[in-house]
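Student: Turn this into a structure:
(chains A, B, C, D, E and F)
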Protein chains: 4
Amino acid sequence: MMLDSAVRVFSRRGFHAASMDEIAEQAGISKPMVYAYLGTKEELFVACLQREGTRLMEAIAAEVVGADTADRQLWRGLRAFFTFVGAHRDGWAVLYRQARAQQPFASASAEMRERMVEVVAMMLGRALAAEGREVRDTELQVMANALVGASESLADWLADHPEADPEKTATWMMNVAWLGAAQLLRGETWTP
Amino acid sequence: MMLDSAVRVFSRRGFHAASMDEIAEQAGISKPMVYAYLGTKEELFVACLQREGTRLMEAIAAEVVGADTADRQLWRGLRAFFTFVGAHRDGWAVLYRQARAQQPFASASAEMRERMVEVVAMMLGRALAAEGREVRDTELQVMANALVGASESLADWLADHPEADPEKTATWMMNVAWLGAAQLLRGETWTP
Amino acid sequence: MMLDSAVRVFSRRGFHAASMDEIAEQAGISKPMVYAYLGTKEELFVACLQREGTRLMEAIAAEVVGADTADRQLWRGLRAFFTFVGAHRDGWAVLYRQARAQQPFASASAEMRERMVEVVAMMLGRALAAEGREVRDTELQVMANALVGASESLADWLADHPEADPEKTATWMMNVAWLGAAQLLRGETWTP
Amino acid sequence: MMLDSAVRVFSRRGFHAASMDEIAEQAGISKPMVYAYLGTKEELFVACLQREGTRLMEAIAAEVVGADTADRQLWRGLRAFFTFVGAHRDGWAVLYRQARAQQPFASASAEMRERMVEVVAMMLGRALAAEGREVRDTELQVMANALVGASESLADWLADHPEADPEKTATWMMNVAWLGAAQLLRGETWTP
DNA sequence: AATGAATGAGGTTTCATTCAT
DNA sequence: TATGAATGAAACCTCATTCAT
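Tutor: Numbering: from 1, shown residues only, chains lettered A, B, ... in the order given. Purely as a prediction, here's the structure:
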């Protein structure tokens, strides 16, 4: 399928170095077709990004749904995330990294990220509410942001280490996120 | 100065969209001079990256030095980091993001990041040793990676929110990193 | 045709001064087409050289074939050569001259010339053998080299003198080559 | 000296690839000096050409002067020529080759060559007159042209074969020129 | 799930050449 | 046998993008 070829080429070469010629060739069709169906190179990239992004979101949502407590929600979300990234090693992570850096996609990817952060923030918010506590929204945002950033970072690490295990990575991430450095240093651990 | 102009243009446009013409013009000199002094476009970008990277490292190192306990080291490092990023809003964060995505610089920036992660890992390792505990090296790496990732993420956030306060951001980050979500949810906080 | 334009422009301006822009314009197409079909500027020049060289070689070979004695072979070869050069006045001679001087083509053109010299040397060798005589190979080579050089020289002269007659030039060359100055001075002549 | 450096660089790199920077560096002075004393790159090349050309001419003239008969004049001229070329292996031949091919020097080098051809033609003319014979001027020109061309060719050959002996080369050339192929094939030789 | 052929526009890079000292 | 620093101009090459079929 066309988008698959595009994702592959964009990942391998990077947005700029990727040529429409190569993408068309990979897809086994002619360039004008690519333009007819997906439009401009930029639009094509955005299309790739959105498809992959949606898939990721859905994968996570599907997993999180069944959990009740905050920590189990977080855990399942993380596991789904890393599993997805691990399964699309040179798809998602690379594409996403590009999108965040390349000027014309900054907004598109920022928006996606925003959605993600929002979800995490909401999750944390609900957990707080359940404890009868409340936190200013900004703090929640920042906390969520940090969690997302840490996850992205480990996702990159995962994409670069083919031998690494997604589930184990998720566990580590969960520990860092849930317990924090202090507890970890004290020997506490969180296990599913 | 020439590097300043280059940093500015690279940040605004992105590596590829940045033209040597614009950089030269910004610097108030002619293109051949840029080539004479900094070499190729790629070399120029690397030069920018290195200068900013070095400055950042130095800023952090200078602050960390005076701290004794692990948490204070972490705190001071974070504060220095966010202060620096806040002061160079469209310098470091953007450049660094680019470097990580753009093919030819992937390795160079990966190396820099590796150094950073290494430092954090070492810090955590020493803290562990002080507690008489020991952890497998990979786990340390992953933990450090997560912390660095979270910080990068907040750095981006900071770069995108001109009104945000670096020191406060650092505090939040410290809380997330040190206490973890669980403690935070319980209402605990870490304060300098 | 594209190669024709290229030959024309290369001849007029010289390899370096010739611009791909001008070649494309002469051919009535756009620059990218030139690159698409013939490749790099260097490759384009080589293509010109080879086409013209092959044509020349074929023209000579076709004529020489029918001759039996050494002098008639030489005569026919020379006639074919000068006729060809006369008919492509600003093609072959100029291109060839360039190739010999321009660094990147030195070896390619040297090779072509070597083939030519080899042919002449072989012809002389056979003539000698027919007379029951034998000569060291180096001497044969040098002699052939001299003949080829003399021919090249007259070819240049012919290219520069539009009014000159190729066949008459061939006759002169034949006389010089076959009889040598001594005989010519004595009033002897060789006629077809 | 400046011209020496220029000759060396032009020979090694070719006119175009030679950079004024390298020439100045070789000469151990600064570029503006080169411009101050020798002018433009083209003028510099012409200056090289003329100096070397003059030296060659003088070397030949000095030798020819003492000879009486035509064949001895020719012989001495040839010997002087090849000796000179042999002694300046990568000076004269390469420079001259370039000059003949590179557009802006075509006329300058043609003129030099014309002088040479003229001298040879005159020599042949005198020899003919001494024999009481007379030939149309054009024929004389063409004959001289052929001789000069053959010599140039062997000069190139000599420049490319460091082990070759100039005097022996001159002898071969003399034989070809004086006796012609027919006599050589019959086993006749000319010896000084 | 058409395409081959064509192009406009732009970018990096390199030098010959010249001021200002 | 002055020079360091600067530049204008131009050349090669590539690619996203579109007609004409």
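
Student: wait, what's in contact with A:E188?
Tutor: Applying CB atoms under 8 Å, 6 or more residues apart in numbering or on different chains to A:E188 gives the contacts A:L179. C-betas here are computed from N, CA, C, even on glycine.

Student: Skipping adjacent residues, who's closest to A:M143 in space?
Tutor: Ranked by CB to CB, 6 or more residues apart in numbering or on different chains and with sequence neighbours excluded, the top spatial neighbour of A:M143 is B:V176, at 5.5 Å.

Student: scratch that, A:D4 is what I was asking about
Tutor: Excluding its sequence neighbours, the residue lying closest to A:D4 (CB to CB, 6+ apart) is A:A27, at 7.9 Å.

Student: what number of residues lie near the residue nearest to A:M143?
Tutor: Neighbourhood size, B:V176 [other CB atoms under 10 Å in any protein chain shown]: 30.

Student: Who are the packing partners of the helix or strand where it lies?
Tutor: Per DSSP states H and E, B:V176 falls inside helix B:166-186. Contacts defined by 3 or more CB pairs under 8 Å, 6 or more residues apart in numbering or on different chains; DSSP states H and E place helix B:166-186 against helix A:70-87, helix A:106-130, helix A:137-160, helix A:166-186, helix B:70-87, helix B:137-160.

Student: So for DNA strand F, which of those sits nearest?
Tutor: Ranking the helices and strands packed on helix B:166-186 by proximity to DNA strand F (CB to the nearest atom of the strand) places helix A:106-130 first, at 15.8 Å.

Student: Run the contact check for the closest one versus chain B.
Tutor: Yes. On the criterion CB under 8 Å from any CB of the partner chain, helix A:106-130 is in touch with chain B at A:110, A:124, A:127-128.

Student: which among these end up buried?
Tutor: A:124, A:127-128 (16 or more other CB atoms under 10 Å in any protein chain shown).

Student: Can I get those residues in CSV including distance to B:A182 and pLDDT?
Tutor: Converted to CSV, those look like this (distance: CB to CB, whole Å; pLDDT from 0 to 100):
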residue, distance to B:A182, pLDDT
A:L124, 11, 84
A:A127, 10, 83
A:L128, 12, 82
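
Student: From those residues, pick the one nearest C:S153.
Tutor: For these, the residue nearest C:S153 by CB to CB is A:L124; the value is 90.4 Å.

Student: Excluding sequence neighbours, find me the nearest residue to that closest one.
Tutor: Distance criterion CB to CB, 6+ apart; nearest residue to A:L124, sequence neighbours excluded, is A:L140 at 5.7 Å.

Student: Read off the pLDDT value for A:A6.
Tutor: On pLDDT, A:A6 comes in at 95.

Student: picking up where we left off before, and the helix holding B:V176, how far out from the chain middle?
Tutor: 18 Å (CA atoms, centre = their mean, to the nearest Å).

Student: and that helix, average pLDDT?
Tutor: 85.

Student: Show me which positions of that helix end up buried.
Tutor: Neighbour-count burial for helix B:166-186 [16+ other CB under 10 Å]: B:166, B:169-185.

Student: Between helix A:106-130 and it, find me the angle.
Tutor: 40 degrees (axes from the mean of the first three to the mean of the last three CA atoms, to 10 degrees).

Student: Put the alpha carbons of helix B:166-186 into CSV.
Tutor: Output of helix B:166-186 as CSV, limited to C-alpha atoms (Å, rounded to 0.1, in the frame of the first residue of the first chain):
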residue,chain,number,x,y,z
PRO,B,166,12.5,27.9,34.3
GLU,B,167,13.0,27.4,38.1
LYS,B,168,9.5,26.3,38.7
THR,B,169,9.7,23.9,35.8
ALA,B,170,12.8,22.5,37.3
THR,B,171,11.0,22.0,40.6
TRP,B,172,8.2,20.1,38.9
MET,B,173,10.6,18.0,37.1
MET,B,174,12.5,17.3,40.2
ASN,B,175,9.3,16.2,41.9
VAL,B,176,8.3,13.8,39.2
ALA,B,177,11.8,12.4,39.0
TRP,B,178,12.5,12.1,42.6
LEU,B,179,9.2,11.2,44.1
GLY,B,180,7.3,9.5,41.3
ALA,B,181,3.7,9.7,40.5
ALA,B,182,2.6,7.7,43.5
GLN,B,183,4.0,10.0,46.1
LEU,B,184,2.9,13.0,44.2
LEU,B,185,-0.6,11.7,44.2
ARG,B,186,-0.4,11.1,47.9
